[in-house]
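Asker: structure for this input, please:
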Amino acid sequence: MSNDEKILSVIKKESEEKIKALNDDAEKVYLEITGEAVKKAEEIRRSGEHKVQLQAENLLKAFRSRAELERRNALLRTKRKEIEKTIGMIQKHINSMNEKDYFRFILRLAKNLENTDGVMYFNSSDLKRMPKNFQMILEDHSINSKLSDTPDDSIDGGFILKNGDIEENMSISSLIEEKREKLEDLISSELFKD
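Answerer: Residues are numbered from 1 along each chain as shown. Down below sits the predicted model:
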């Protein structure tokens, strides 16, 4: 082998060693980079899973909260409906009492008024079923009001006492409205006992 060939062989060998060293270094760098990439990808995947899990939990909490709110609202609507129905039944019951009981009730209402002077107005159906001696019954109980022969059909039951500009609304709907809060509490406690 000639000197030139020897030199070329040494250069070739050195080049191959350098290329092998470069390849080894590149392989190390590649493995380090891909190892880090895999780690980062795993962290991102875990982080993503954690974020997705948190989002799912938050969504579930929101749905549960909404469902609970809807349940409470439905319960309140049902209670309100039943209370209104019961109040309507109370009003209907009072208005459909037999003549004797109804006018005994009217007499109690009239006795509760401080000033019983004036004119008492009733609706047409109450005027028709009113006892003929009701004026005398009022007077016997020191109620000085006069009964009007003119019906006031804006009254749903009960009466309105007018004395000049002063008016005492003793209609059934007015009395119920006046006592509505207490009635609702009473009805609610009776209908919806825990």
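Asker: which other helices and strands does the lowest-mean-pLDDT helix or strand in the chain contact?
Answerer: One helix or strand of the chain scores below all others by mean pLDDT, DSSP states H and E: helix 3-95, with a mean of 74. Counting contacts by 3 or more Cβ pairs under 8 Å, 6 or more residues apart in numbering; DSSP states H and E, helix 3-95 packs against helix 99-111, helix 172-178, helix 180-191. Quick note: C-beta positions are derived from backbone N, CA and C, even for glycine.
Asker: against S65, how distant is the residue nearest the centre of the chain?
Answerer: Taking Cα atoms, centre = their mean as the criterion, N73 is the residue nearest the geometric centre of the chain, at 3.3 Å. Counting by Cβ to Cβ, to the nearest Å, the gap from N73 to S65 is 12 Å.
Asker: how about V119?
Answerer: Using Cβ to Cβ, we find V119 at a distance of 59 Å from S65.
Asker: out of the helices and strands packed on helix 3-95, the one nearest T34 is which?
Answerer: Each of the helices and strands packed on helix 3-95 has some distance to T34 by Cβ to Cβ; the shortest is helix 180-191, at 70.3 Å.
Asker: list the buried residues of that closest one.
Answerer: For helix 180-191, burial by neighbour count (16 or more other Cβ atoms under 10 Å) applies to 183-184, 187.
Asker: please apply the same query to stretch 125-132.
Answerer: For stretch 125-132, a neighbour-count test (16+ other Cβ under 10 Å) marks 126-127, 130 as buried.
Asker: can you put the residues you listed in JSON lines and add secondary structure?
Answerer: Formatted as JSON lines, these follow (DSSP: H, G, I helix; E, B strand; the rest coil):
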{"residue": "D126", "secondary structure": "helix"}
{"residue": "L127", "secondary structure": "helix"}
{"residue": "M130", "secondary structure": "coil"}
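Asker: out of those, the closest to G158 would be?
Answerer: Nearest to G158 among the buried residues of stretch 125-132: D126, at 8.2 Å, using Cβ to Cβ.
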